[in-house]
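> After the sequence you'll find the predicted model.
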Amino acid sequence: RRDVGSEGNVSLYLLLKETGPLWVSAPGAGKGRIRFGGGTEPLTWGVFNLYKGARKFYLKSVDVREDFWALRSSAEGLRTLLEWDRLLCRHLPPGLPCDDLVALFYWCSALVRDGADRRAAEWRFLRRWLEAWGMAPSLEHCLSCGRPLRDAYWSADGPLCPDCTGEQRGAFLGDAGRKKLIAAAGCSMDAFKRDFPPSPDDDRFWRDGCGRMKALLESIK
């Protein structure tokens, strides 16, 4: 969302089903026009009714279905979702449909809203995004020699077995940690909420994994 000029006009970058990212103008939204309600706030999901002008699209009305208001009292949860929003804005080509990522963004956001561990949810979001784009490194086999992994170490491109890491080993992943990452990315929503509740532990564990996934995204030219 960007405020434009002094007349209360707002530009919105919407992630639309069957359309992908699209800039839309919302005249007067910055002055609280009733017909938009909270539909122009970040992280709002709903049915956005648009019409096409001579040079751009305009927002006509919004039927809000989910505003993630429950997260407004959680600074960390809100920050997590806004970071995902930033990554999507940065890496998704405008006008290119990406319905799989639309669904992924929503359901991982719902996990954070419903009280699951936000760091584990971020791993799930990033890992599944890279899987959808065919860029996710294997967590089953060594990236270098291809042997099945047990204990593993992170490298810049993915997990390596101890024999292939050389002298400059990255963060230790381990067999239990590797299986934990696989489970967090692949389990059902209900299983995720049950198995990955908020925890003060493993901060570095999730940070290492998410950091590797973000680095792969940033490598896209």
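Thanks, I have it.
> Only C-alpha atoms from now on, for both contacts and neighbour counts.
Noted.
> So Leu15 versus Lys214, what's the distance?
Distance of Leu15 to Lys214, given as C-alpha to C-alpha, to the nearest Å: 20 Å.
> More neighbours: these two, which one.
A count of neighbours by other C-alpha atoms under 10 Å puts Leu15 above the other of Leu15 and Lys214, at 24 against 15.
> That one: which element?
strand 9-16 (DSSP states H and E).
> Kindly indicate whether the most centrally placed residue in the chain is helix, strand or coil.
For the chain, Trp84 is the residue whose C-alpha lies nearest the centre (C-alpha atoms, centre = their mean; 3.8 Å). Classification of Trp84 using DSSP: H, G, I helix; E, B strand; the rest coil returns helix.
> Report pLDDT for it.
What the model reports as pLDDT for Trp84 is 96.
> distance of Leu149 from Asp67?
42 Å.
> more neighbours, the two?
Leu149 (20 against 16).
> returning to what we had before: run through who's touching the strand holding Leu15.
If you take C-alpha atoms under 8 Å, 6 or more residues apart in numbering as the criterion, strand 9-16 is touched by 1-4, 20-31, 40, 89, 97, 99, 102.
> ok, now stretch 135-149?
With C-alpha under 8 Å, 6+ apart as the criterion, stretch 135-149 contacts 127-128, 130, 152, 157-161, 164, 175, 178, 182, 213, 216.
> make it 10 Å
126-131, 150, 152-155, 157-165, 174-175, 178-179, 181-182, 212-213, 216-217 (C-alpha atoms under 10 Å, 6 or more residues apart in numbering).
> ok, and for the longest strand anywhere in the chain, which residues are buried?
Determined from DSSP state E, the single longest strand within the chain is strand 57-66. Residues of strand 57-66 classed as buried by neighbour count (16 or more other C-alpha atoms under 10 Å): 58-59, 61-62, 64.
> Return the member of those nearest to Leu50.
Closest approach to Leu50 among those (C-alpha to C-alpha): Leu59, at 4.7 Å.
> what's across from that closest one in the sheet?
Beta bridges link Leu59 to Leu50 when assigned by DSSP bridges.
> Against Arg86, how distant is it?
22 Å.
> now swap in Ser188 and tell me
26 Å.
> From one end of stretch 188-204 to the other, what's the distance?
24 Å.
> oh sorry, the question was meant for stretch 169-180
21 Å.
> then the longest strand of the chain to CSV, C-alphas only?
Provided in CSV are the C-alpha atoms of strand 57-66 (Å, rounded to 0.1, in the frame of the first residue of the first chain):
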residue,chain,number,x,y,z
PHE,A,57,-7.1,-0.6,-12.8
TYR,A,58,-9.2,1.0,-10.1
LEU,A,59,-10.7,-0.5,-6.9
LYS,A,60,-14.5,-0.4,-6.9
SER,A,61,-15.3,-2.3,-3.7
VAL,A,62,-13.9,-5.0,-1.3
ASP,A,63,-15.7,-7.9,0.3
VAL,A,64,-13.3,-8.6,3.2
ARG,A,65,-13.1,-12.3,4.2
GLU,A,66,-10.0,-12.3,6.5
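> and the angle from that strand to strand 9-16?
Here the directions of strand 57-66 and strand 9-16 differ by 60 degrees (axes from the mean of the first three to the mean of the last three C-alpha atoms, to 10 degrees).
> For strand 57-66, give me every contacting residue.
Strand 57-66 has contacts (C-alpha under 10 Å, 6+ apart) with 10-12, 22-27, 29, 34-40, 43-52, 106, 110.
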